[in-house]
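*Asks:* Output the structure for:
(chains A and B)
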Amino acid sequence: MMKKPCGTFDETYAQDMSYIRTVFRGGLLVVLFVILLVVFPIFASDYMLGIMNLIGITIISMLGLNILTGYCGQISIGHVAFMAVGAYTTGILSSHLGWPFWATLPSAMLVSGIMGLIVGLPALRIKGFYIAISTLAFHYIMLWVILHGGDLTKGVWGLPCDPPELFGIVFDTEGRMYYLIMVLAVVATILAFNLVKTKFGRAFIAIRDNDIAAEFMGLNIFHIKALSFIICSMYAGGAGCLLAHYVGMLTVEQFPLIDSIWYLGFLIVGGAGSITGAILGAFAFRIIAQVVLFLSPFIGHLIPSVSVSSVAGFTQMLFGSVIILFLVLEPRGLNHRWQIVLSSFRLWPFPH
Amino acid sequence: MEFFPQLFVSGLLTGSVYALMALGIVVIYKASGVFNFAHGSIVAFTAYLIWFYVVDLHLNPLFTVILTLLAIAAVAFLIQRFILYPLTGQPVLAAIVATLALAEIVAGFVTLFWPGPARTYPAFLPTGTILLGTVVISVEEIVNLLVCALALVVFMFFFQRSKLGLTMRGTAEDHQLARSEGVRVNRIFVLAWFIAIVMAAIGGFLMAFMHGVNQEPLIALGMKSLAVVILGGMESILGAVIGGLVIGVLEALGAGYLDPILGGGTEEVFPFAILLIVLLIKPYGLFGYKRIERV
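*Replies:* Residues are numbered from 1 along each chain as shown, chains lettered A, B, ... in the order given. Next comes the predicted model:
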């Protein structure tokens, strides 16, 4: 449901469903697209491109979590474990069997999706924090399996992974990787936008808001919940596949439990239950991390008793405080603030 | 097979600490309906705090206990007043994310102020071992078990006999009814957090005393107690005790018999495997209330 400028009326269902409803909005998207894919990669340094690549992967992953948690209301603390499944599937297929990127991406998504289905199965009988705990258990078990996978996952030594190759182009620099990740992030966003408009998207929202009423309306709760788990973990698997190709070397330490917590927390910071919110959350997550990285030498100067290695603790405290502040003061997240800004522009100077 | 009694007994000894930890989670859940994911971090925090008092400040045991209790009361008040009270009436997701974020804040605090390698408490117990048949038990473990048993008895007595404990149980039944009887519900929540953190502190101290004050294992300890709570049933104090002992024994047996086959570290993940199976078969645990869910 989108707010429209004064005088714009929907006369057909197609108009009602469309995202680009005004010339201004379409123009804005085209400008954003050109900046994102043409202007930014020309002027940005490799470091900036690296940050954007990470943000792109985070966006894909966050979109999946948003469908599960934001739309369907099931809480997952094992999101990073699903990314690990996708990443290690990619790593095994690419380094042991030499599969190309166009084959590893769908297989990573498929394997993650199956894992998501298995973890989602208890969702038939339980809800709320019980599901959260079952995903937590999945996280510990999955990481243990990866660590003790022997030659297959090369546990503590790390699994190498080649840069992706598509149509004869090897994506081995930050700039080339940027195009791959951004195109996939845009595709993932469009898919998510459309998914929540389908009958499944509306079923997710119905289950989140009131599951008894949803079943009364004729929805098969178990199927829909399992579907949301599968979609969420397929997004995570795709993000994991990109991450594996991007970093080139997989270790278990890249998938800590704490990242799952940050994904969940920053989904709330961005605004759970809206696609824009998930994207804003991904940006907030990575940008705050960069700011802390930039500030950490100064913190070391200000408080000499704090050693450089313990700045990680400061990051943890800051992230946690940001999440709690948003929960208490603005539970609808950055997206809500953004909508307020948008509507005040639209209504200026008269409150119609 | 001579291996079995040894594993069983050491599992029971570890399990008694798990039971203590799990009680902390059950108390908070019963009182306020919040599932506390921050328990592991709080266990680590209290263990480091006690280490700070004893080693850095050279305080004697009495002052250590008093100061620790004061600090715990302050933490309990801060958590309830500034994090959970404003979240009253929000969906369950808010409380879960709040305790997860709290876990990271506390863990970050520990990393920030007590970085570096593991620490140890000064030894004040006689070291040595006792031989019971074929089973070897160290004196520390026996003291450990006695402290756990004592804490459990005090805990039971508090909730069965004392007026405050009965008030807390009444509040757990129905918040509105308790309010109408003149109970300050928010104070009861603070008290629940206080009791839970005291339980965490005792368990954390015992474990840290035997294995060193180290952040990662102590947090893992708190996380395993989540599995204990699920096995025993969320609302049941008896379930937490039995669940703790069962998980402790199963974990020790699993580590003893499966480690040579699977290559080590099974005790880290065994409780979680049990947890998943319990959730599939008997989601409300051994002694939990079976809520009738139509969906």
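*Asks:* can we go C-alpha only for contacts and neighbour counts from here?
*Replies:* Will do.
*Asks:* Which positions in chain B make contact with chain A?
*Replies:* Within chain B, the positions near chain A by CA under 8 Å from any CA of the partner chain are B:35, B:83, B:86-87, B:92-94, B:96-98, B:100-102, B:104-113, B:115, B:226, B:262-263, B:269, B:272-273, B:275-276, B:279-280, B:283, B:294-295.
*Asks:* switch to 7 Å and redo it
*Replies:* When proximity is defined by CA under 7 Å from any CA of the partner chain, chain B lies next to chain A at B:86-87, B:92-94, B:97-98, B:100-102, B:104-105, B:108-109, B:111-112, B:115, B:269, B:272, B:276, B:279-280, B:283, B:294-295.
*Asks:* Mark which of these are buried, thanks.
*Replies:* The neighbour count (16 or more other CA atoms under 10 Å in any protein chain shown) marks B:87, B:92-94, B:97-98, B:100-102, B:104-105, B:108-109, B:111-112, B:115, B:269, B:272, B:276, B:279-280, B:283, B:295 as buried among these.
*Asks:* from those, which ones fall inside helices?
*Replies:* Among these, the members found in helices (DSSP state H) are B:92-94, B:97-98, B:100-102, B:104-105, B:108-109, B:111-112, B:269, B:272, B:276, B:279-280.
*Asks:* number of nearby residues for residue 258?
*Replies:* All of this is about chain A. 17 (other CA atoms under 10 Å in any protein chain shown).
*Asks:* Chain B is the one I meant
*Replies:* Neighbour tally, B:Leu258, other CA under 10 Å: 17.
*Asks:* just A:His96 next, same as before
*Replies:* Neighbours around A:His96, by other CA under 10 Å: 15.
*Asks:* Got the confidence number for it?
*Replies:* Note for A:His96: predicted pLDDT of 80.
*Asks:* so who does it touch?
*Replies:* Going by CA atoms under 7 Å, 6 or more residues apart in numbering or on different chains, A:His96 touches no other residue.
*Asks:* separation between it and A:Leu152?
*Replies:* 8 Å (CA to CA, to the nearest Å).
*Asks:* What of B:His175?
*Replies:* 54 Å.
*Asks:* repeat for B:Phe155
*Replies:* 49 Å.
*Asks:* B:Leu7 too?
*Replies:* For B:Leu7 relative to A:Leu152 (CA to CA), the value is 32 Å.
*Asks:* Kindly report the same for A:Leu143.
*Replies:* 14 Å.
*Asks:* of these two, who's got more company?
*Replies:* A:Leu143 (22 against 15).
*Asks:* element containing the more buried one, please.
*Replies:* helix A:129-147 (DSSP states H and E).
*Asks:* So which elements touch the following helix or strand past that helix?
*Replies:* Next in sequence after helix A:129-147, counting helices and strands by DSSP H and E, comes strand A:159-160. Secondary-structure packing of strand A:159-160 (3 or more CA pairs under 7 Å, 6 or more residues apart in numbering or on different chains; DSSP states H and E): helix A:79-96, strand A:249-250.
*Asks:* before we move on, the earlier item: run the angle between the helix holding A:Leu143 and helix B:92-113 for me.
*Replies:* 50 degrees (axes from the mean of the first three to the mean of the last three CA atoms, to 10 degrees).
*Asks:* So helix A:129-147, near chain B or not?
*Replies:* Yes - judged by CA under 7 Å from any CA, helix A:129-147 and chain B are in contact via A:Ser134, A:Ala137, A:Tyr140, A:Ile141, A:Trp144.
*Asks:* Figure out how far that helix is from the centre of its chain.
*Replies:* 19 Å (CA atoms, centre = their mean, to the nearest Å).
*Asks:* swap in stretch A:73-80?
*Replies:* 12 Å.
*Asks:* any idea of the mean pLDDT for it?
*Replies:* Stretch A:73-80 comes out at a mean pLDDT of 88.
*Asks:* next one: stretch A:234-241
*Replies:* On average, stretch A:234-241 scores 93.
*Asks:* what does it contact?
*Replies:* Against stretch A:234-241 from outside (CA under 7 Å, 6+ apart): A:57, A:60-61, A:64, A:79, A:82-87, A:90, A:105, A:108-110, A:112-113.
*Asks:* Please apply the same query to stretch B:196-216.
*Replies:* B:17, B:20-21, B:24-25, B:27-28, B:43-44, B:46-48, B:72, B:118-121, B:144, B:218.
*Asks:* List buried members of the residues you listed by neighbour count.
*Replies:* Among the contacts of stretch B:196-216, those classed as buried by 16+ other CA under 10 Å are B:17, B:20-21, B:24-25, B:27-28, B:43-44, B:46-48, B:72, B:119, B:121, B:144, B:218.
*Asks:* Let's see which of those end up in helices.
*Replies:* Judged by DSSP H, helices contain the following of the buried ones among the contacts of stretch B:196-216: B:17, B:20-21, B:24-25, B:27-28, B:43-44, B:46-48, B:72, B:144, B:218.
*Asks:* outside of stretch A:162-175, which residues touch it?
*Replies:* A:Pro41, A:Asp46, A:Leu49, A:Gly50, A:Ser94, A:Pro100, A:Phe101, A:Met177, A:His245, A:Tyr246, A:Gly248.
*Asks:* measure that stretch end to end?
*Replies:* With CA to CA, one end of stretch A:162-175 sits 16 Å from the other.
*Asks:* tell me which residues of that stretch are tucked away?
*Replies:* So for stretch A:162-175, counting by 16+ other CA under 10 Å, buried means A:Asp162, A:Pro163, A:Pro164, A:Phe171, A:Glu174, A:Gly175.
*Asks:* quick check, the last one in a helix?
*Replies:* Just to be clear, that refers to A:Gly175. Yes - assessed with DSSP: H, G, I helix; E, B strand; the rest coil, A:Gly175 lies in a helix.
*Asks:* if I look at it, how far off is chain B?
*Replies:* Here the criterion is CA to the nearest CA, to the nearest Å. By it, A:Gly175 lies 34 Å from chain B.
*Asks:* Can you give me the pLDDT of that residue?
*Replies:* For A:Gly175, pLDDT reads 76.
*Asks:* Tell me how far it lies from A:Gly50.
*Replies:* A:Gly175 is 8 Å from A:Gly50, by CA to CA.
*Asks:* low-confidence ranges in the stretch 101-250 of chain B?
*Replies:* Applying pLDDT under 70 to the stretch 101-250 of chain B flags the ranges B:125-126.
*Asks:* So which residues of it form helices?
*Replies:* Taking DSSP state H, counting those that start in this stretch to define them, one finds helices in the stretch 101-250 of chain B at B:139-160, B:163-173, B:175-180, B:185-211, B:215-232, B:237-262.
*Asks:* buried stuff in the helix or strand A:Ala312 falls within?
*Replies:* Element membership for A:Ala312, per DSSP H and E: helix A:311-329. By neighbour count on 16+ other CA under 10 Å, the buried set for helix A:311-329 is A:311-328.
*Asks:* and that helix, what does it pack onto?
*Replies:* Using 3+ CA pairs under 7 Å, 6+ apart: helix A:311-329 touches helix A:257-270, helix B:92-113.
*Asks:* Could you dump the ones you listed into JSON lines with distance to A:Ile299 added?
*Replies:* JSON lines is the format used below for those (distance: least, CA to CA, whole Å):
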{"stretch": "helix A:257-270", "distance to A:Ile299": "22"}
{"stretch": "helix B:92-113", "distance to A:Ile299": "12"}
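*Asks:* what's the closest of those to B:Glu251?
*Replies:* helix A:257-270 (21.6 Å; CA to CA).
*Asks:* Contact partners for A:Gly128?
*Replies:* Neighbours of A:Gly128 in contact, by CA under 7 Å, 6+ apart: A:Gln74, A:Ile75, B:Val92.
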